[in-house]
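Enquirer: just the structure for this:
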Amino acid sequence: MTRTPWVVGVSGASGTPYARAVLTALLDAGESVDLIVSRAARLTILDETGLSFRDAHWSEDLAAWLGREPGDVRYWSAGDLAAGPASGSYPTRGMVVVPASTAGVAGIALGLSKDLLQRAADVTLKERRPLVAVPRETPYTRATLQHLLALHDAGAVVLPASPGFYSAPKSVDQLVDFVAAKILDAIDVPHDLITRWTGELGGAR
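Expert: Sure, this is the predicted structure:
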């Protein structure tokens with residue numbers, strides 16, 4: 001059978017815990033993943049976790065970041081524009097960009113394809129596959145708002161990293177999982193990351 005992965009692009013915005021939660025949940029759901037980590041994202045991972053992410057040692061670095069063996073993950077260097085996800089003939093289920101930096105959002109919205117992450121997102125849009133962009137920035141400039149609207153109009157789901165509080169979260173991890181859950185809902189991947197709203201006040205606590 002043809003392997004048909006989800007592409008996960010990690011760009012340089014703050015918010016790498018969201019990427020970690022999404023990757024873990026996709027693997028827990030038995031999904032295949034093609035991973036792209038931008039050059040700027042490597043610096044953010046190092047800054048937020050103290051862990052390096054290196055092309056030559058990606059498997060062991062990913063295992064250290066996730067706290068588990070990666071499983072069905074294929075890694076593509078951000079500079080490899082000949083990689084599988086750079087072509088529409090390469091089968092994927094869609095793509096999540098988490099977190100999505102403002103520069104990444106701009107590059108995707110304008111079709112710049114300056115690196116593999118942007119090119120893979122452009123391919124996802126042109127092939128009419130699901131694309132979820134998860135910006136983690138505040139406040140937004142007018143230019144970024146225009147770029148986000150352009151992504152929406154192109155068919156992407158713009159899903160800001162804005163956690164909800166109605167389940168009375170008691171940890172940062174629960175806030176992260178709320179956003180990861182919304183991302184997985186957007187791409188129709190089952191999970192048990194949150195207690196869902198039941199229509200009753202306090203029912204999700």
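
Enquirer: list the buried residues in stretch 96-111.
Expert: 96-109 (16 or more other C-beta atoms under 10 Å). Quick note: C-beta positions are derived from backbone N, CA and C, even for glycine.

Enquirer: would you say residue 76 is within a strand?
Expert: Yes: counting by DSSP: H, G, I helix; E, B strand; the rest coil, residue 76 is part of a strand.

Enquirer: how about the nearest residue to it, chain neighbours excluded?
Expert: Leaving out its chain neighbours, the residue that sits closest to residue 76 by C-beta to C-beta, 6 or more residues apart in numbering is residue 83, at 4.1 Å.

Enquirer: got a list of what that neighbour touches?
Expert: By C-beta atoms under 8 Å, 6 or more residues apart in numbering, residue 83 lies in contact with 36, 76, 77, 116, 120.

Enquirer: can you add pLDDT and give the residues you listed back as CSV?
Expert: Converted to CSV, the contacts of residue 83 look like this (pLDDT from 0 to 100):
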residue, pLDDT
36, 98
76, 98
77, 98
116, 98
120, 98
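
Enquirer: buried only: go through these for me.
Expert: By 16+ other C-beta under 10 Å, the contacts of residue 83 give 36, 76, 116, 120 as buried.
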